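In: Return a 3D structure for these sequence lines:
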Amino acid sequence: MASTIKRPQHLNTIVSHSKPVINVEEWEAAAPIGDVEVMSVNQVQAASERSALPPKFSVDDTTSSSRPSTPTFRGKPGPGSRPSTPNPSSAHRRTTSHALHPKQPIQTPQQFYDWFSLIDRSVTHSQESHIRAHLQSVSDHLETCDQLIRRIDQIDQELDDMLQGWRSVEVGGKSLKDACELLLQERDRLLDITVSIDERLEYFQELEQATRMLNHPGESLVLQSDFLYMVERVDICIDYLKDHRHFKEAEIYLLRFQQCMTRAMTLIKMYFVGSLRALTADVSKRLSEKDVSTTAQMHLLYTRFHTVSGPLAPLLAELERRAQAHPEELSALLSECHTAYFSARKSLLVGRLMEEIKGLDPARTELVELTRAGCSYLKQLCTDEFTLFRSFFNSGEEQLYQYLENLCDYLYDDLRPRILHEPRLTALCEVCTVLQALMVLDVPSVSDSSSEEEVGLDELPLDLDHPKRQRGLRTLHISHLLQMVLQDAQTRLFFKAQSVIQSEIRYYVPKPEDLAYPDKLVAARKPVSAMEIKEKQSVSQIFQVKSWDKQEAWYPTLQKTVWVLSQLHEFVKPAIFDELAQEAIKYCLQTLLNAAETLRSKNPPTSVFDGYLFLLRHLFILKEMTQNLDLVHRDTDRGIDLSGVPESLASVLGRTTSLLPNALLTSLGMPRDEDTSDVRHGIDQLLKQACEDVIKTAADEVSGPLRSWAERVRLTYALDNDPVGPDGEPALPRMDYAQKNHWAGAESAISCVNSVPYSLESETHKHATRLRLYIEDERTVEVLLRHIQERIVDNWTYFRDIVWQLYNGRIRNNIPTAEMIREMVVKGCREDWVYWTPPTPYYFSEVVASRNSSGSSSSI
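Out: Next comes the predicted model:
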């Protein structure tokens with residue numbers, strides 16, 4: 001039952017009326033008592049053992065003996081210790097008034113015991129009366145609780161009935177609500193379907209409106225305001241049907257919409273071609289009249305067309321846009337428009353263009369001037385045509401450049417043969433300069449102020465009151481039109497340069513004045529008068545060598561190499577230029593080596609040093625010139641500080657080999673580097689060899705005989721430190737000091753020392769002066785002179801060591817030390833050195849001996 005389910009727990013325990021049965025042990029276990037409770041129980045027990053008589057009985061103790069007196073019934077015990085004499089009348093009255101009074105006087109013990117039992121039971125009953133009263137009260141309460149529980153069960157049942165009724169109502173209301181919601185959803189679905197159907201039908205319904213508009217006669221239909229709006233809607237419908245081909249009859253409607261689009265674009269094409277033909281005919285008629293000024297011609301050829309482009313440009317923009325979206329159907333119509341336009345423009349311009357080219361007189365006009373005037377006119381003409389074409393179209397760049405190339409061909413037919421037969425290299429370079437200048441100055445791009453907004457394909461409403469065009473043709477690249485002529489000029493320039501390299505560099509035959517060194521250098525150092533000043537040839541900044549700007553003192557093949565490369569550098573492609581540069585430099589190096597060999601054999605031995613200096617000078621020039629050419633990739637990871645020496649010498653010495661002495665590298669603070677992967681390795685190797693030859697030749701001409709004498713002595717006689725053989729003698733014979741006037745005697749050594757003042761400083765000064773004449777950079781001269789000085793000092797040191805090991809005694813003090821020789825060599829290398837005439841007789845060996853003995857540091 002519902003009442004049983006929802007009844008509180010404490011009410012369920014009261015419903016049962018059966019009295020539980022419990023024994024003493026369970027009672028003790030369920031209700032244990034403590035010491036205080038035990039004491040109370042004991043007191044109660046002790047008191048109950050002395051149970052008193054009922055108040056209505058008392059024992060009269062009239063005597064002091066132990067024998068009890070006869071009990072008498074009294075109403076109240078008196079205050080005295082002795083009981084009063086019983087009153088028979090009062091005892092009888094009381095006996096008759098209470099149930100415990102004996103009905104008859106007690107006469108026997110048995111009667112007494114019976115009466116006592118009755119009294120005892122009465123006492124016991126009186127003692128349990130409150131328990132019975134409490135039990136009766138509890139029973140009444142239980143009855144009341146049972147009644148309450150029954151009432152609660154009734155109420156609970158009623159509440160369950162009410163709850164069940166409420167739940168049934170709630171379920172019914174929810175069902176009704178769900179049903180209503182289903183109806184609303186169904187209504188919304190039907191409304192969405194209706195709207196969707198209307199939206200889809202709207203695309204299909206556009207066919208009727210488009211067909212109705214296209215059926216109206218007249219070419220002016222394309223100028224109506226609703227025409228472009230209709231075209232846009234048809235385009236949207238076509239895109240929509242292409243995306244929803246699964247619709248019923250979608251293919252049929254798609255085909256009809258495409259037919260409408262083709263008809264609309266055909267109307268645009270027909271209107272454009274008709275307008276263009278009418279305008280072309282009118283302009284041709286006006287141009288055929290006599291005495292039409294240039295201003296009037298420009299007005300007819302361009303201003304009139306620009307005016308017509310206003311209403312035609314939006315129509316052509318729509319055609320271009322649709323042709324780009326549907327090339328299969330509409331690209332042919334756009335091509336017809338381009339063809340009609342170019343045909344009309346060509347018919348108007350060809351006659352005027354040929355007259356302008358004829359006025360330039362291509363057969364007699366100088367080539368550079370013809371190129372400049374003709375190409376400038378063509379550039380202006382192409383610029384005007386490009387601008388006019390942009391006012392009509394936004395596509396067709398390839399067809400436009402073909403049309404412009406056809407216009408340029410009228411001049412190229414006369415210009416190309418002149419270029420291919422031009423013998424002058426400078427003229428070809430000037431032609432390339434003119435063409436490149438025109439190619440650089442392209443028409444700047446035109447920035448459109450408005451950008452085209454994208455229109456969603458699923459949105460039919462459009463705003464075509466202000467159509468916006470996105471320009472596709474922004475810049476005229478004149479380089480596309482001049483590239484062919486430039487290639488012809490560059491090709492002719494390349495073959496002409498090869499011819500010059502072969503004839504004037506590789507197979508150049510030197511003249512006597514070409515090898516007039518050092519006279520050419522002395523003449524070049526003289527100040528130039530005003531009458532002798534000539535205009536310099538224009539040379540590229542890359543080929544200008546700052547330290548060697550006097551080119552009249554250069555060897556002719558080097559001049560021609562620098563000139564040819566400077567002409568080609570800006571006008572041919574890098575790969576072609578690299579090939580030509582390497583070829584020219586290779587042949588130039590060969591001619592320099594041949595010229596140096598010829599110069600060395602011209603007047604030996606004085607011309608030997610000039611030959612080495614000639615080669616070193618020109619190799620330095622060639623090295624500095626080629627440093628600016630990007631022939632190969634350089635190694636940029638080298639961390640060498642070459643700020644203290646010239647660029648060319650630093651570059652050479654930075655990639656040194658065993659040809660140069662280590663002392664030369666150490667003095668410059670540069671590490672040795674064996675990497676020779678650079679394309680300039682040939683120049684570097686020749687330059688290193690030339691440096692070594694100059695240093696060796698200068699040192700040998702100053703102190704070479706001295707070293708030769710010492711080496712001859714070393715190979716002929718045994719020295720003090722030579723090892724001895726098994727027989728106790730060295731391998732070489734000993735010097736016979738007793739011989740007189742021997743070539744290796746002490747007198748010969750002393751004579752070598754005495755010749756120092758006459759040869760050492762003067763010869764050193766002569767070579768230093770010659771070195772400064774050939775090498776104009778003072779830092780390079782100082783580096784080379786320092787190593788020449790070291791080579792001379794080394795030769796004298798070797799001579800001194802041989803003499804010290806060969807002779808003993810006083811002759812050792814007559815040999816100058818390395819510091820003495822270095823002092824004299826450094827002095828002779830100065831530019832302000834003045835030759836002094838020693839007194840006669842003057843024995844330098846005695847001066848050296850005096851200085852060595854005294855240890856003086858005064859100059860010799």
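In: Okay, strands next: where are they in the chain?
Out: Here the chain has its strands, by DSSP state E, at 57-58, 72-73.
In: Show me what the mean pLDDT comes to for the first one.
Out: Mean pLDDT, computed over strand 57-58, is 48.
In: Same check on the last one?
Out: Here the mean pLDDT over strand 72-73 is 42, rounded to a whole number.
In: quick one: Tyr798 and His767, what's the gap?
Out: Going from Tyr798 to His767 by Cβ to Cβ, to the nearest Å gives 20 Å. For glycine as for every other residue, the C-beta is placed from the backbone atoms N, C-alpha and C.
In: And the two? Which one has more around it.
Out: His767 (23 against 16; other Cβ atoms under 10 Å).
In: pretty sure that one is in contact with Glu701, am I right?
Out: Yes: at 6.7 Å, His767 and Glu701 qualify as touching, with contact defined as Cβ atoms under 8 Å.
In: Common neighbours of the two, please.
Out: Common contacts of His767 and Glu701 (Cβ atoms under 8 Å, 6 or more residues apart in numbering): Phe609.
In: Could you point out which residue ranges in the stretch 701-850 of the chain have low pLDDT?
Out: Confidence mapping of the stretch 701-850 of the chain against pLDDT under 70 gives the ranges 716-747, 755-759, 808-811, 835-850.
In: could you pull out the helices for it?
Out: Ranges of helices within the stretch 701-850 of the chain are 746-754, 756-774, 778-806, 818-828, 844-854, based on DSSP state H, counting those that start in this stretch.
In: Kindly reformat these as a markdown table containing distance to Gly611.
Out: Output for the helices of the stretch 701-850 of the chain, formatted as a markdown table (distance: least, Cβ to Cβ, whole Å):
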| stretch | distance to Gly611 |
| --- | --- |
| helix 746-754 | 28 |
| helix 756-774 | 11 |
| helix 778-806 | 16 |
| helix 818-828 | 23 |
| helix 844-854 | 33 |
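In: my guess is Ile478 contacts Gln436, does it?
Out: No: using Cβ under 8 Å, Ile478 makes no contact with Gln436, being 10.9 Å away.
In: Just the buried positions in stretch 141-151, please.
Out: Using 16 or more other Cβ atoms under 10 Å as the burial criterion, the residues of stretch 141-151 that qualify are Ile149.
In: and it, what's its mean pLDDT?
Out: Here the average pLDDT along stretch 141-151 is 94.
In: roughly how far is it from the heart of the chain?
Out: 94 Å (Cα atoms, centre = their mean, to the nearest Å).
In: What distance do you get for Phe272 to Leu616?
Out: 76 Å.
In: cool, and Val485?
Out: 45 Å.
In: can you check Leu425 too?
Out: Taken as Cβ to Cβ, the span from Leu425 to Leu616 is 30 Å.
In: what about those two, which has more around it?
Out: For Leu425 and Leu616, the more surrounded residue by other Cβ under 10 Å is Leu616, and the numbers stand at 23 against 18.
In: Okay, buried residues for stretch 276-291 please.
Out: Buried residues in stretch 276-291 (16+ other Cβ under 10 Å): 276, 279-280, 283.
In: Residues in contact with it: which ones?
Out: 292, 296-297, 300-301, 304-305, 308, 340-341, 344, 347-348, 352.
In: how about 7 Å then?
Out: 297, 300-301, 304-305, 308, 340-341, 344, 347-348 (Cβ atoms under 7 Å, 6 or more residues apart in numbering).
In: Most widely separated two among those residues?
Out: Gln297 and Ala340 (22.0 Å; Cβ to Cβ).
In: where in this protein is pLDDT low?
Out: 1-21, 50-97, 217-219, 441-473, 526-550, 628-679, 716-747, 755-759, 808-811, 835-860.
In: longest helix of it?
Out: helix 129-214 (DSSP state H).
In: Remind me what that one packs against, helices and strands.
Out: helix 2-6, helix 9-15, helix 225-243, helix 250-287 (3 or more Cβ pairs under 7 Å, 6 or more residues apart in numbering; DSSP states H and E).
In: Let me know which of the ones you listed is tucked in deepest.
Out: helix 225-243 (a mean of 19; mean count of other Cβ atoms under 10 Å).
In: residue ranges of the helices in the stretch 451-600 of the chain, please?
Out: Going by DSSP H, counting those that start in this stretch, the stretch 451-600 of the chain shows helices at 478-501, 519-525, 556-568, 574-600.
In: about what we covered before: between the longest helix of the chain and helix 250-287, how many degrees?
Out: Using axes from the mean of the first three to the mean of the last three Cα atoms, to 10 degrees, the direction of helix 129-214 lies 40 degrees away from that of helix 250-287.
In: For Lys623, which of the helices and strands packed on helix 129-214 is the nearest?
Out: Across those, closest to Lys623 is helix 250-287 (Cβ to Cβ), at 64.1 Å.
In: Give me the angle between the closest one and helix 225-243.
Out: Using the same axes, to 10 degrees, helix 250-287 lies at 140 degrees relative to helix 225-243.
In: and helix 250-287, how far from the chain's centre?
Out: 50 Å.
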